[in-house]
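Student: here is my input; please provide its structure:
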Amino acid sequence: MVGGFSGRLIGISLVMTWILLLSSSGTSILYGATILPPTSVPGHDTLLIEPYDSIDPAGPGIIWKREVGMAYSISLGPDGSSYIVRYLDDDQRSLIELMKYDSEGDLVWTKKFSVFAFSAPLAAHDGTIRFLTTDSSNRSMAILHSFDADGNILWECRIDGMENAAFFPSDRLILSADGTVFFSLNEFSLYDPLPSNYTICAVDGSGELKWRDRFNPTFGNFAAETDGDGKFYVLVDPDKLYCIGPEGDVLWNLTFEYVMDTNGRSIVIGSNGTVFVSYGRSVIDISDDGGVRWSRITPSRVISGIALGTCDTIYISIEDDPFEDVKGGICAFSPDGVMIWREDIGQGHVTPIVDDLGIVICCSQDHIYGIDLEGQVKWSYDAGGYVGAAKMTEEGILLFLVYDSSSTTVLIASDGVPVLTMTEWLSRNYAWIILLIVSSAFGAYIAWTLLNGRIKSGSDRYDPIKKWPKK
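Tutor: From the prediction side, this is the model:
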């Protein structure tokens with residue numbers, strides 16, 4: 001009676017131990033924190049455990065890759081599609097092609113342009129695309145093109161500049177919640193190497209020019225962002241930040257300490273309307289009414305845009321500085337400006353990406369890394385060439401451009417989930433492994449004694465002093 005009950009109790013305990021072990025290792029953090037359930041990893045049917053350095057572009061984690069020529073940038077559509085701009089002529093670089101790839105990596109359509117300069121394309125939430133170019137035959141005219149998802153032209157907005165001048169569009173277009181597109185045009189006189197004007201433009205969703213404003217800069221560069229209220233923030237000079245209202249009126253401006261350095265110039269809007277600005281070796285927190293909350297100096301020059309993580313944690317990439325004995329990498333700052341950690345992975349110009357689980361994906365020149373919230377590198381991927389751009393879709397698919405030695409660009413789509421090394425797996429699960437070994441040994445011992453009739457009820461009960469009951 002006692003033996004039967006004990007056997008059932010031990011069996012239940014062993015089953016619960018196994019369930020607890022499996023459930024613990026199966027509900028783990030992505031990117032190699034512990035074991036990932038095989039069914040939750042797209043494209044994987046079984047759990048793979050092998051060294052990171054054995055991953056190649058045809059191996060685990062890579063969904064597809066495409067050679068795209070001499071490509072410039074990646075822009076993402078709401079349906080997981082990607083838009084790539086590439087040069088068709090290596091010498092003059094005046095003939096370009098805008099290409100759309102769907103989420104499976106198939107080429108959907110292409111558009112050719114003869115241009116003097118251009119910006120990265122922008123895909124709106126309704127699937128339409130905006131693309132800003134300067135015409136090759138008339139450099140003082142900028143054209144904002146709008147296409148539908150099938151590549152059909154919807155409208156064009158033309159903006160004229162000064163005579164004997166040339167427009168250089170900003171690198172990126174900014175889209176507000178109401179469909180207005182903001183951008184800048186650096187206007188250069190053909191007889192002056194410095195920009196004569198910055199023309200800031202706002203074009204509504206129907207292609208009408210809402211307003212334009214000119215600034216007279218002392219040094220050439222541009223960074224901008226918009227918030228949910230339609231305000232537009234623009235960093236025109238290294239030391240001037242403007243807040244422009246929806247109708248083009250300047251609400252306030254702020255002057256920083258002047259720095260002749262335009263690396264890493266970026267603006268992002270935090271969750272509570274805070275404006276974070278980076279330039280040179282500075283990261284600055286500004287309230288939505290123009291007051292400076294804090295300013296911090298980074299270990300070396302900032303060379304990427306700002307990425308915001310959980311609770312507005314700030315992530316930026318910094319460059320190598322041999323004079324200061326600083327190796328490039330990534331830094332994390334808390335929302336109140338305290339540097340939490342720094343990881344010396346090597347310099348990379350790609351703005352970091354923070355996924356839904358808080359993993360920071362960042363790049364050195366030829367590697368991609370996944371770093372957790374504590375600054376620990378969880379995985380790395382050898383891209384086999386210079387990583388020039390990286391974006392992540394809403395489904396968590398990582399797209400990146402890799403430039404190889406033959407000047408060919410490869411567009412790679414990855415699920416971002418590297419496999420675990422055996423050492424990593426053991427180090428993450430050693431406590432459960434020990435528990436499993438101990439419980440299994442104890443269960444095996446009890447089962448052996450039961451099978452050999454050593455445990456009995458009544459007067460023949462096991463006596464630890466006499467070792468075994470006498471017959």
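Student: who's in contact with the residue nearest in space to the middle of the chain?
Tutor: Most central in the chain under C-alpha atoms, centre = their mean is residue 353, positioned 1.9 Å from the mean C-alpha point. Counting by C-beta atoms under 8 Å, 6 or more residues apart in numbering, residue 353 touches 307, 360-362, 390-392, 398. Quick note: C-beta positions are derived from backbone N, CA and C, even for glycine.
Student: and these, which of them are in strands?
Tutor: 307, 360-362, 390-392, 398 (DSSP state E).
Student: now for the one helix or strand residue 73 maps to, which elements pack on it?
Tutor: Element membership of residue 73 [criterion: DSSP states H and E] is strand 62-76. Contacts defined by 3 or more C-beta pairs under 8 Å, 6 or more residues apart in numbering; DSSP states H and E place strand 62-76 against strand 82-87, strand 95-101, strand 122-123, strand 386-392, strand 398-403, strand 409-414.
Student: what packs against the second one?
Tutor: In this structure, strand 95-101 makes packing contacts with strand 62-76, strand 82-87, strand 107-118, judged by 3+ C-beta pairs under 8 Å, 6+ apart.
Student: most packed of the ones you listed?
Tutor: strand 82-87 (a mean of 22; mean count of other C-beta atoms under 10 Å).
Student: partners of that one in the sheet?
Tutor: Strand pairing for strand 82-87, using DSSP bridges, gives strand 62-76 (antiparallel), strand 95-101 (antiparallel).
Student: next one: the shortest one to chain centre, how far?
Tutor: When you say that, I think you mean strand 95-101. 23 Å (C-alpha atoms, centre = their mean, to the nearest Å).
Student: if we can go back for a sec, now the strand holding residue 73 - C-alpha only, CSV.
Tutor: C-alpha atoms of strand 62-76 as CSV (Å, rounded to 0.1, in the frame of the first residue of the first chain):
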residue,chain,number,x,y,z
ILE,A,62,18.9,33.7,-43.2
ILE,A,63,15.6,33.7,-45.0
TRP,A,64,16.8,35.0,-48.4
LYS,A,65,19.4,37.1,-50.0
ARG,A,66,19.5,39.0,-53.3
GLU,A,67,22.3,40.7,-55.2
VAL,A,68,21.1,44.3,-55.9
GLY,A,69,24.1,46.0,-57.6
MET,A,70,25.5,49.2,-56.2
ALA,A,71,22.7,49.9,-53.7
TYR,A,72,22.3,53.0,-51.6
SER,A,73,19.7,52.5,-48.9
ILE,A,74,16.8,50.4,-47.5
SER,A,75,13.3,51.7,-46.8
LEU,A,76,10.5,49.5,-45.5
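Student: I'd like the mean pLDDT over it, please.
Tutor: If you average the pLDDT over strand 62-76, you get 86.
Student: that strand to strand 409-414, inter-axis angle?
Tutor: Here the directions of strand 62-76 and strand 409-414 differ by 110 degrees (axes from the mean of the first three to the mean of the last three C-alpha atoms, to 10 degrees).
Student: now do strand 62-76 and strand 386-392, the angle between them.
Tutor: Using the same axes, to 10 degrees: strand 62-76 against strand 386-392 is 80 degrees.
Student: distance from strand 62-76 to the middle of the chain?
Tutor: Distance of strand 62-76 from its chain centroid, counting by C-alpha atoms, centre = their mean, is 16 Å.
Student: and what of stretch 434-450?
Tutor: With C-alpha atoms, centre = their mean, you get 47 Å for stretch 434-450.
Student: measure the closest residue to residue 274 other than its chain neighbours to residue 294 for me?
Tutor: The shortest distance from residue 274 to any non-neighbouring residue, by C-beta to C-beta, 6 or more residues apart in numbering, is to residue 285 (6.0 Å). In this view, residue 285 and residue 294 are 5 Å apart by C-beta to C-beta, to the nearest Å.
Student: okay, and the common contacts of these two?
Tutor: Taking C-beta under 8 Å, 6+ apart as the criterion, residue 285 and residue 294 both touch residue 337.
Student: neighbour count for these two, which is higher?
Tutor: Using other C-beta atoms under 10 Å, the more surrounded residue of residue 285 and residue 294 is residue 285, with 21 against 13.
Student: quick one: contacts for the more buried one?
Tutor: Under the criterion of C-beta under 8 Å, 6+ apart, the neighbours of residue 285 are 274-276, 292-295, 335, 337.
Student: thought residue 364 was touching residue 328?
Tutor: Yes - the criterion here is C-beta atoms under 8 Å, and residue 364 meets it with residue 328 at 7.4 Å.
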